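1. With the input below, show me the fold.
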Amino acid sequence: MSKPDNPRKLVSANRKARHEYEFIETFEAGLSLTGSEVKSLRAGKISWSDGYVDFKNGEAFLVGVHIAPYENAGYAQHEPERRRKLLLHGHEIAQLSAKVEQKGLSVIPVALFLSRGRFKLDIALARGRKLHDKRDELKRRDLEREARRDMSRG
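-> Numbers count the residues shown, from 1 in each chain. From the prediction side, this is the model:
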């Protein structure tokens, strides 16, 4: 029996991101983690709050994402808010950092997956939404939901 090529299991999603930002392009990045962080993530103990991707010296780092300490780690505990290195190709880092510097865009974490035993992070090049854009999006979604409801009834 053959297994699917790339089974991805969702660990956690940054649901607020779609509301706050308009996504332009998405990428998949590996994540450099310690052992206690892996155990904590497998238990789903992650908070996205103010997470974003920062670029420094040709490297990409995940900043502002809280991974709760693993209670059974003992002395090998990790710092919950530490900067975590993202594993991307050099050309992807150069492309993203150039767009962030030029156009005032942001790179934000969207979702965390488990793929072939490794944690992968979906990141998006995004533009922040204004308050009226958020309201328009909510209205549009409500209208679509009502239209679907009416279609299913009639």
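2. which stretches of this structure form strands?
-> 8-13, 21-31, 46-47, 52-56, 59-63, 66-67, 84-87, 106-115, 118-128 (DSSP state E).
3. what residues does the last one touch?
-> Read that as strand 118-128. 8, 11, 17, 20-31, 33, 38, 41, 53, 62, 86, 96, 99-100, 105-114 (CB atoms under 8 Å, 6 or more residues apart in numbering). Yep, even glycine has a C-beta here, placed from its N, CA and C like the rest.
4. hey, which helix is longest across this protein?
-> helix 131-153 (DSSP state H).
5. as a whole number, average confidence for that one?
-> For helix 131-153, mean pLDDT rounds to 82.
6. what does stretch 48-61 give?
-> On average, stretch 48-61 scores 88.
7. low pLDDT regions in this structure?
-> 1-6, 73, 154 (pLDDT under 70).
8. what's the neighbour count on the residue nearest to residue 72 when sequence neighbours are not counted?
-> Closest residue to residue 72 apart from its sequence neighbours, by CB to CB, 6 or more residues apart in numbering: residue 39 at 7.4 Å. Applying other CB atoms under 10 Å, we find 17 residues neighbouring residue 39.
9. ok, now the one 10 residues further on?
-> Residue neighbour count, defined by other CB under 10 Å, stands at 11 for residue 49.
10. quick one: it and residue 65 touch, right?
-> Yes. Assessed by CB atoms under 8 Å, residue 49 is found in contact with residue 65 at 7.4 Å.
11. contacting residues around the nearest residue to residue 65 once chain neighbours are set aside?
-> Spatial nearest neighbour of residue 65, chain neighbours left out: residue 51 (3.9 Å); criterion: CB to CB, 6+ apart. Counting by CB under 8 Å, 6+ apart, residue 51 touches 14, 62, 63, 64, 65, 108, 109.
12. between those residues, which is closest to residue 132?
-> Distance to residue 132 across those (CB to CB) is lowest for residue 108, with 20.7 Å.
13. residues contacting the residue nearest to residue 99 when sequence neighbours are not counted?
-> Nearest residue to residue 99 in three dimensions, chain neighbours excluded: residue 105, at 5.5 Å (CB to CB, 6+ apart). Residues in contact with residue 105, defined by CB under 8 Å, 6+ apart, are 24, 99, 125, 126, 127.
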